[in-house]
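I'll drop the sequence and a predicted model, then ask my questions.
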Amino acid sequence: MALFGNKRDDENLPKQDLQELFQRLEHLERKCRRMEARITELEETVASQRNNADSVAAEHPVDGQTQESATSVQPVGINMSADVQLATTPQPAARPEPHRVEPTVFYLPAPSADGLFQQASLHEQIGKSIYQLTTTDGQNGTFILLDTPDAIATATISVSAFVKPVCRIIGSTSQQPRHIITEEEGAVAREGADWRVTRKAVVRFE
């Protein structure tokens with residue numbers, strides 16, 4: 001009777017479920033905000049590239065427009081050979097629009113004690129992946145600490161070994177955090193097949 005008739009335990013179960021649901025919703029909202037910020041940044045980059053292409057096209061009009069304006073101001077009496085020479089003069093071609101580079105995302109396990117990521121995967125590995133690295137040139141990039149239950153559980157196995165070599169921590173590390181928020185992204189540079197941390201990330205334990 002004690003197992004099935006304990007009214008207090010029955011009331012606690014829905015509250016725990018709701019708390020877990022709220023935590024997951026908070027995590028998804030943070031991820032959505034990061035994705036929206038990234039989309040806005042990419043849209044601004046595309047708009048800037050289009051404006052540059054438009055200005056280049058304005059400086060170098062197409063052949064037909066250039067030839068028409070040139071022939072309209074020719075004085076009467078110019079010989080035919082000059083007309084032919086003007087018509088066949090090559091015009092500078094408009095520059096092609098710059099190629100858009102898509103960023104590459106890697107998932108990283110724990111770093112070495114001196115701040116070196118020696119492994120990188122294109123897919124998140126549950127129980128192993130702790131960090132997410134983004135690069136556009138394959139030589140330099142930025143990284144964050146993943147705010148997922150699996151990454152948090154792995155990172156907090158040993159904060160001093162898995163987090164402190166590449167992150168500056170804000171908040172208490174004496175208890176298990178519900179979330180780890182990256183306040184400032186860290187920076188890395190390619191070093192052979194590895195990634196060397198050149199600037200630590202700033203993370204907050206909640």
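Cool, got the structure. Since this is a predicted model, take the numbers as computed values, not measurements. Numbers count the residues shown, from 1 in each chain.

need the residue closest to the centroid of this protein.
When CA atoms, centre = their mean is applied to the chain, the residue found nearest the centroid is residue 134 (5.2 Å).

report pLDDT for the nearest residue to residue 206 once chain neighbours are set aside.
Spatially, and ignoring its direct neighbours in sequence, residue 206 is nearest to residue 179 (4.4 Å; CB to CB, 6 or more residues apart in numbering). For every residue, glycine as well, the C-beta is placed using N, CA and C. We have a pLDDT of 93 for residue 179.

what comes up buried for the host helix or strand of the residue nearest to the centre of the chain?
Under the criterion of DSSP states H and E, residue 134 resides in strand 131-135. Going by neighbour count (16 or more other CB atoms under 10 Å), the buried part of strand 131-135 is 131-133, 135.

for that strand, packing partners?
Secondary-structure packing of strand 131-135 (3 or more CB pairs under 8 Å, 6 or more residues apart in numbering; DSSP states H and E): strand 104-108, strand 140-145.

and the longest one, which strands flank it?
I take that to be strand 140-145. Strand 140-145 pairs in its sheet with strand 131-135 (antiparallel), strand 186-191 (antiparallel), by DSSP bridges.

hey, C-alpha coordinates of the longest one in PDB?
This means strand 186-191. The C-alpha trace of strand 186-191 is given here as PDB (Å, rounded to 0.1, in the frame of the first residue of the first chain):
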ATOM      1  CA  GLY A 186      36.600  30.800 -28.700                       C
ATOM      2  CA  ALA A 187      39.000  30.900 -31.700                       C
ATOM      3  CA  VAL A 188      41.100  28.100 -33.200                       C
ATOM      4  CA  ALA A 189      43.800  27.800 -35.900                       C
ATOM      5  CA  ARG A 190      44.700  24.700 -38.000                       C
ATOM      6  CA  GLU A 191      47.900  23.000 -36.800                       C
END
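
what angle sits between that strand and strand 104-108?
On the basis of axes from the mean of the first three to the mean of the last three CA atoms, to 10 degrees, strand 186-191 is oriented at 100 degrees to strand 104-108.

for the next helix or strand after strand 186-191, buried residues please.
Sequence order places strand 194-199 as the next helix or strand after strand 186-191, per DSSP H and E. Buried residues in strand 194-199, counting neighbours by 16+ other CB under 10 Å, are found at 195-197, 199.

hmm, who's touching the strand holding residue 134?
103-109, 111, 117, 120, 141-146, 166, 188, 195 (CB atoms under 8 Å, 6 or more residues apart in numbering).

drop anything exposed from those.
Among the contacts of strand 131-135, those classed as buried by neighbour count (16+ other CB under 10 Å) are 106-109, 111, 117, 120, 141-146, 166, 188, 195.

by mean pLDDT, which helix or strand of the protein comes out lowest?
helix 63-72 (a mean of 47; mean pLDDT, DSSP states H and E).

tell me where this protein is predicted with low confidence.
The model of the chain has pLDDT under 70 over residues 1-17, 56-94, 96-99.
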